[in-house]
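> requesting a structural model of the entry that follows:
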Amino acid sequence: MIVSNFKPDVTNLKVREIVTSLKSPWNDDVWLLSSQVFREYGKIEEKGATKNSTIRFNSLPNLVSLEAKYFLFHGLSNYRFSIRTIYTYGQTFKRLGRFLEKHYFNINSFIDIPFEKALSKYKFFLRQERISSIKANIHFFTTFFEFLYDFYDMRDEFDKDIWDVRNIPHASVEINYSRFKLNFESIHKKFRTVVKQYCWYSLTFKSSGRIYNADLVGIKCFFNFISTHFGHWNDLSALSRKEFEKFLVFFHTSFRNCTDSTKHPYISGVKLFLEYLQKNELPIGPTKPILSIIFPEDIPPKKRNLNENEIKYIPEDILNQLQNLLNYDPSKLIPKMTGKELEYVPIIVLLIATGWRISDILNLRYDNCLIVINSEKYYLQGDINKTKVNNHRVPVDKDVAMVLQTVIESTKAKSNDQNNPNHFLFVRTRGKRMGRPFATTSVQRNLNNWAFRYNIVDSKGEVFHFRNHAFRHSKGVELINLGMNLTHIMKWFAHASPEMTLTYAKLADDTLRKEWEKAIKKKGPLLKVNISQGTVQEIKLDDDLIHWEYIKSNIEAAKVPLGYCMASKKEGCPFVITPCLDSCPNFCTTPEHIPEFEKEIQNVKEVIERTKDMPIFNGKNQKQLENLNRIRDLLSNGASYNGVNAKKVLLDAKISKENFIHES
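Numbers count the residues shown, from 1 in each chain. Next up is the predicted model:
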């Protein structure tokens, strides 16, 4: 919980608002939870309560009692509290009343207590009372105080030192995000306003609501450094590279236990903030160009998954196990899935079928997510927040459409303007997430619970750990393997650039390689024919030779005498006056050229015989003969010969096979 140092006034206007809202029976000192007005909000026979359960407020001071009634009424009427919740809270009132009478007998409102100090005292008080579980008592204490603090604080959100970003008009906040508070109190007052100004801008115009928190972490550290080392500064006009390098030392010391990926947005946030000051020509900003203060290498690099071994996707056998589980009759599972767990099944079905981000799946709206054309073509439709693509559609089969239609009907039946004003498909209609979709973490948590309970294991027999985003990578690999055009896959995933789409192609190319190797085995061994001896011999192929056969059909290699040249045609050849096989790094050759080598060796021998009286010329030919014999012997053993650059091409092709992708 975040509580500001500012103390709001308990005004008569706000007290009258409480009194006006509380009509009978809400203003009674005793609430009988079995009465009809409470039954409308749920069953009284919930765990921990009985039909005759009551909540008594007379143990609390006068205004505190009124505030507690309003707090419970507000939470219940807005479906954020259940009957069980208010009953549990009500059981803490006697102890809270005794605590206030002992330590704060002269307070008027509950927010008159010094929160941090009072909370410590309350914990000690509960231990003295020998309360076995103090969790419910502390939870009510903190939640009640925070609610009243926000209720009485009538300042504009910008003027507050702790913001609730949900109160900022047009703020771009992810629907599944649960951290809504921004705290500026640690920033010195002379810089606080301009930082607020930047954060307001970031919240309003940046695409992701999560960005602002990362920005602010770095900015707080930056101004902590300024206050510590340059406390006399009233602006940043004197900031130079020298001071920023000192800040980098300070920063990396403060975040020494964090990875580069974690630190990346923090430093990047400082850079964006300083650029904002200069672009808006604010007098508080640096006078020197930001490019001369912050260098690209100052920002720690994000770790990117650059190869197929690092990119997280779900293996096919794991997906098969999961799909078998989803297709199984849930009533016959041992143990059975609970009703709450079954709510997540349609979400997993859509993740598998579409590969959409979990945030986009949870952002679906029940009134426009299923499009049916001519009663036979079904599409999933939704907004892709990251790339700002609205009404994005992908085709789904009839089975997925039927699952979707069932969820739509169920959600429609339980939704109204109060508990689901935004028409979310997967929505919570009660509790603290009322009107908001399921939490992304709950989806992943249920998946991994199923994996453990129903034994979804990998090739090593270990329980598989699911990540929501892995379904996206898996769908990309599936579409590539099915032969879908990369442009169409880019459109399917609503990618802003082809970079991520190509990642799926690199992954799938490994599958292509395996299929090619199977075909080679079926084709039969490579044979070496010795005409003079009349023998046929199988050649044992090395790995480079196998891979060379693969890439030779997928990249454009120029044919040269005795082999191939891997050099770019745009670069030209700097070795045209010297034999390729002697010094050219781009030259490579394979056993198919052995007859040419035999012929060339014979020609060189004849030249050497004719040039015995020409020592210099003869010496070059002797060197040429040595190279020919050396490479010919290598090829005779079934190996390939590769120059330095050719080896690099082979290695790059193994890792990314980008040349193949561009041709396809």
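
> which non-adjacent residue is nearest Arg393?
Tyr379 (4.4 Å; Cβ to Cβ, 6 or more residues apart in numbering). Where you see a C-beta, it was placed from the backbone N, CA and C, and this is true even at glycine.

> same thing with Leu447?
Nearest residue to Leu447, sequence neighbours excluded (Cβ to Cβ, 6+ apart): Phe466, at 4.1 Å.

> about what we covered before: partners of the residue nearest to Arg393 in the sheet?
Bridge pairing for Tyr379 (DSSP bridges) gives the partners Ile371, Pro395.

> coming back round to it: and the residue nearest to Leu447, helix, strand or coil?
coil (DSSP: H, G, I helix; E, B strand; the rest coil).

> what's around it, how many residues?
24 (other Cβ atoms under 10 Å).

> same check on Leu203?
Neighbours around Leu203, by other Cβ under 10 Å: 21.

> pretty sure it is touching Ile168, no?
Yes. Using Cβ atoms under 8 Å, Leu203 is in contact with Ile168, at 5.6 Å.

> quick one on the thing from earlier: could you measure from the residue nearest to Leu447 over to Ser359?
Per Cβ to Cβ, to the nearest Å, Phe466 is found 16 Å from Ser359.

> do Lys102 as well
Taking Cβ to Cβ, one finds Lys102 at 48 Å from Ser359.

> have a look at those two and say which one is more surrounded.
Ser359 (19 against 10).

> hang on, that one in a helix?
Yes. Secondary structure of Ser359 (three-state DSSP): part of a helix.

> where does the protein have low pLDDT?
Applying pLDDT under 70 to the chain flags residues 1-4, 43-52, 173-178, 206-213, 303-311, 504-583, 585-586, 614-617, 643-664.

> now Gln278. Nearest residue, chain neighbours left out?
Nearest one to Gln278, counting by Cβ to Cβ, 6+ apart, is Gly285 at 5.1 Å.

> helix, strand, or coil at the one you found?
Three-state assignment for Gly285 (three-state DSSP): coil.

> quick check, central residue of this structure?
Centroid check for the chain by Cα atoms, centre = their mean gives His469 as the closest residue, at 6.9 Å.

> mind listing what that residue touches?
312, 357-358 (Cβ atoms under 8 Å, 6 or more residues apart in numbering).

> and for Phe71?
144, 147-148.

> which of the residues you listed count as buried?
144, 147-148 (16 or more other Cβ atoms under 10 Å).

> which one of those is nearest to His488?
Using Cβ to Cβ, Phe147 comes nearest to His488 of these, at 50.9 Å.

> so that closest one sits in a helix?
Yes. Judged by three-state DSSP, Phe147 forms part of a helix.

> ok, now which ones touch it?
With contacts defined as Cβ under 8 Å, 6+ apart, Phe147 is in contact with 71, 74.

> and for Phe452?
Contacts of Phe452 (Cβ under 8 Å, 6+ apart): Val463.

> helices of the stretch 151-300 of the chain, start to end?
Secondary structure of the stretch 151-300 of the chain (DSSP state H, counting those that start in this stretch): helices at 189-205, 211-229, 241-254, 260-279, 290-293.
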